[in-house]
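> Dropping a prediction and its sequence here:
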Amino acid sequence: MKLRVGSFLAVALVAIPGRPAAAQDVHDFAAWLAMMATPYGALPPVVTRGMAGQSSGVIGRSSFELRYGRYAFAGERDAVQAGGVGARFGAVGIVVGYQGCSGCDGTLMAGADYEGVVVHQLLTGNGARTLFTLGLRPSIGFGRSTGAGPDVSAITATVDVPISVAVPVGTTARMVPFISPGFGAGALRGNNDSESGTRGSIAFGAALVDLAPGLGLNVSWRKVFLEQAPTTIGIALSFDR
């Protein structure tokens, strides 16, 4: 599978019939494109308060995020890049962003998620206090092409299972590595046509939390599974209030 970056979303429904390889079909490719045109695949995942060992559901607690992600197909010089601004209010997160590349129409994106904590376990040994957390994070996303090309929209519904450990570093900071398997459904609509499908994914990364009071630095990757598909890499800053 190879897709010219300059044709990313605006001609997606036209390009789909000629794309699938033997082990994947039109629905797989449509789902992948939809996920990559919404915040789920376009922007890097961020370590949240709950993953870092703090209560994510406290009313009145909020945090804000600046996120940047990029990916490029093998053999392509131009990368697809995205930037977003997010906020969390208790356990609910929202994000808006924009995705684009050289020579292609951009995509406006928005998404929302809910953070649930399933397991919250303190691990002690040799004087260390490491917190293990297993979560459940359902989310929805939307993307819409901009510019002179045909209007195409992407809609996704996904769920991740983030698994993280929070390890104290120094007096206040914590290192929080994580891995997050996921699964979702995606649909593309436009050009008098529509296609939809499902895809699995995997994300991993790490954050340094409370470098300064409330400040976190995140580095992460996400792979939405499709043969020869690229991986999104990115960085993010988070600010707790």
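In hand now; what should we look at?
> just checking, Ala30 is part of a strand?
No. Assessed by DSSP: H, G, I helix; E, B strand; the rest coil, Ala30 does not belong to a strand; its assignment is helix.
> Touching, it and Thr198? I think so.
No. Using CB atoms under 8 Å, Ala30 is not in contact with Thr198, being 9.9 Å away. In this view, the C-beta of every residue, glycine as well, is placed from N, C-alpha and C.
> Residues touching the strand or helix carrying Tyr40, excluding its own?
Using DSSP states H and E, the element containing Tyr40 is helix 39-42. Residues from elsewhere that reach helix 39-42 (CB atoms under 8 Å, 6 or more residues apart in numbering): 32, 35-36, 69, 80, 82, 84, 95, 97, 99, 107, 109-111, 139, 141, 143, 156, 158, 184, 201, 222, 224, 232.
> and the next element down the chain from it?
Next helix or strand after helix 39-42 toward the C-terminus (DSSP H and E): strand 62-71.
> Just the buried positions in that next one, please.
Neighbour counts over strand 62-71 (16 or more other CB atoms under 10 Å) mark 63, 65, 67-71 as buried.
> What are the buried residues along the helix or strand containing Met175?
According to DSSP H and E, Met175 maps onto strand 173-190. Residues 173-176, 178, 180, 182, 184-190 are the ones in strand 173-190 that count as buried (16+ other CB under 10 Å).
> partner residues bridging Arg189?
Ser153, Ser194 (DSSP bridges).
> what's the spacing between the residue nearest to the spatial centre of the chain and Ala31?
In the chain, the centroid-proximal residue (CA atoms, centre = their mean) is Tyr40; its distance is 3.3 Å. Distance, Tyr40 to Ala31, using CB to CB, to the nearest Å: 11 Å.
> Could you do Leu226 as well?
With CB to CB as the criterion, Leu226 and Ala31 are 8 Å apart.
> Could you do Ser220 as well?
Ser220 is 21 Å from Ala31, by CB to CB.
> which of Leu226 and Ala31 has more neighbours?
Neighbour count, other CB atoms under 10 Å: between Leu226 and Ala31, Ala31 has more, with 27 against 23.
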